[in-house]
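>>> have a look; sequence and predicted model below, questions after that.
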Amino acid sequence: MRQPMIAGNWKMFKTVHEAVVFVKELRPLVADVTGVEIVVAPPFTAIHAVAEAARNTNIGVSAQSLHWEREGAFTGEVSAGMVREAGAEYVILGHSERRTLFGDTDLTVNRRLMAALAAELTPIVCVGETLEQREGGQTLAVLDQQLKQSLDGVTGAQLAAIVVAYEPVWAIGTGRNATPAQAGEAHTHLRGRLRQWFGADAAEQCRLLYGGSVKPGNIATLIAEADVDGALVGGASLDVASFAEIVRGALGR
Ligand code: 13P
């Protein structure tokens, strides 16, 4: 059985103070939740303080990216070991904003993934098609390429601990979520590919999250899809009550 995961990607929102206040408010709202893995991904600056505020709770902490080298002359970059030591146990990789705004490619996502695994971080690897690609009938081919190249060199044992997030670019921050059927189709396709490339056992264990305009009002129908194991939430994860409601929407799956 795959444990559902609800992860909040805060993007470039929340100062250290705001992030700590959020976690302190979230703690009592989800203290009774078992069976859902709860993760928040603050900006680098707040990882340590958030990890301290979340210590001994059911809330995990994620970074939003990392550099693949251990250390070096890479101004502005942060390594896997650094975010791990700061208190992160997860890292989001290859988010479409990284790909379109900051030059991430499948190749660099793969490098970051290897560094994350070496540092014992749980990677959350994002894939997803643009509107143009969907309308051109290329969705599944695009997903295949992103998935295959991002996961190059990964073993079945490693895959079991990796999380993949399907985030259609046209659904991110637009208020236009994929329908449960669209998400379900993409997820079932992705799991089929994982089965083909890594074997049935590993593919069954790998969690597939949906991301793109997830809200308290649509989480239940999305997660009801057999291969949707949770959500990567942007905007709606910035408000404590709405994030807690989304976590609750994943209960009982
Ligand atoms: P929204 O939930 O704001 O659409 O963002 C989704 C996302 O990019 C999560 O990583």
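Noted; the coordinates are in hand.

>>> can you list the strands that whichever helix or strand Leu232 is part of pairs with?
If you go by DSSP states H and E, Leu232 is part of strand 230-233. Strand 230-233 has its sheet partners listed here by DSSP bridges as strand 5-9 (parallel), strand 207-211 (parallel).

>>> same list (these) but as TSV, adding mean neighbour count.
(C-beta placed from N, C-alpha, C; glycine too.) As requested, those are exported to TSV (neighbours: other Cβ atoms under 10 Å):
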stretch	mean neighbour count
strand 5-9	26
strand 207-211	26
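
>>> let me have these in CSV, extended by mean pLDDT and distance to Val20.
Formatted as CSV, these follow (pLDDT from 0 to 100; distance: least, Cβ to Cβ, whole Å):
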stretch, mean pLDDT, distance to Val20
strand 5-9, 98, 15
strand 207-211, 98, 25
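
>>> any chance of those strands in JSON lines, plus distance to the ligand?
JSON lines is the format used below for the strands paired with strand 230-233 (distance: least, Cβ to the nearest ligand atom, whole Å):
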{"stretch": "strand 5-9", "distance to the ligand": "4"}
{"stretch": "strand 207-211", "distance to the ligand": "4"}
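
>>> with distance to Gly153 added, can I get those strands in JSON lines?
Below are the strands paired with strand 230-233 laid out as JSON lines (distance: least, Cβ to Cβ, whole Å):
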{"stretch": "strand 5-9", "distance to Gly153": "24"}
{"stretch": "strand 207-211", "distance to Gly153": "20"}
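
>>> can you check the pLDDT for the residue nearest to Asp227 when sequence neighbours are not counted?
Leaving out its chain neighbours, the residue that sits closest to Asp227 by Cβ to Cβ, 6 or more residues apart in numbering is His187, at 3.7 Å. Among the per-residue scores, His187 shows a pLDDT of 98.
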